[in-house]
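Asker: sequence and predicted structure below; questions after.
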Amino acid sequence: MFSYIKNIPLPTLESYFKKTEVTAELFSGILKTINEKGLTSDEETKWSGNFLKSLSKADKFEMTVMFAEDQDRKSVTQIIEKLSPVDASLAKEIEKAYTEE
C-alpha cells in the first residue's frame, strides 16, 4: 500500500480531502502503512511527514483525530519520533495536527 500512496501527488490529496472526511479505517490504514513501510530512509520519512501534513488539511480532520484509536495515536507518536531527527519543524507540525490539545 505504501507504493500506492506514494504515487498520489500531495496537491491531489489535499484537493480530494478538502470536501471529504478521512474515514477511521482509511486513517488507521495510512498510519499503519507509513509506520511500517514509510520510515525506511530519511527521504521516505520526510515524504511521509509531508503526506501526513497534507492529509491533515482534510475536512473535519480534528474530528478524525478526536476519535482515533489508541493504536493510531501510538503510530503517530512513533512516526513523529522517526521524523524529528530528519525534519524537526515538520515533526512539530504533524504533532500539532495529529494530537488533541
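Answerer: Cool, got the structure. Numbering: from 1, shown residues only.
Asker: okay, now Leu90: neighbour count?
Answerer: 19 (other CB atoms under 10 Å). (Glycine included, C-beta is placed from N, CA and C.)
Asker: pretty sure it sits against Ser48.
Answerer: No. Between Leu90 and Ser48 there is no contact under CB atoms under 8 Å: 9.8 Å.
Asker: spit out the residues that contact these two alike.
Answerer: Leu83 (CB atoms under 8 Å, 6 or more residues apart in numbering).
Asker: where's the residue nearest to the spatial centre of the chain, which helix or strand?
Answerer: For the chain, Leu52 is the residue whose C-alpha lies nearest the centre (CA atoms, centre = their mean; 2.7 Å). Element membership of Leu52, judged by DSSP states H and E, is helix 42-55.
Asker: which positions within the following helix or strand past that helix qualify as buried?
Answerer: Following the chain from helix 42-55 toward its C-terminal end, the next helix or strand by DSSP H and E is helix 61-66. By 16 or more other CB atoms under 10 Å, the buried positions in helix 61-66 come out as Phe61, Thr64, Val65.
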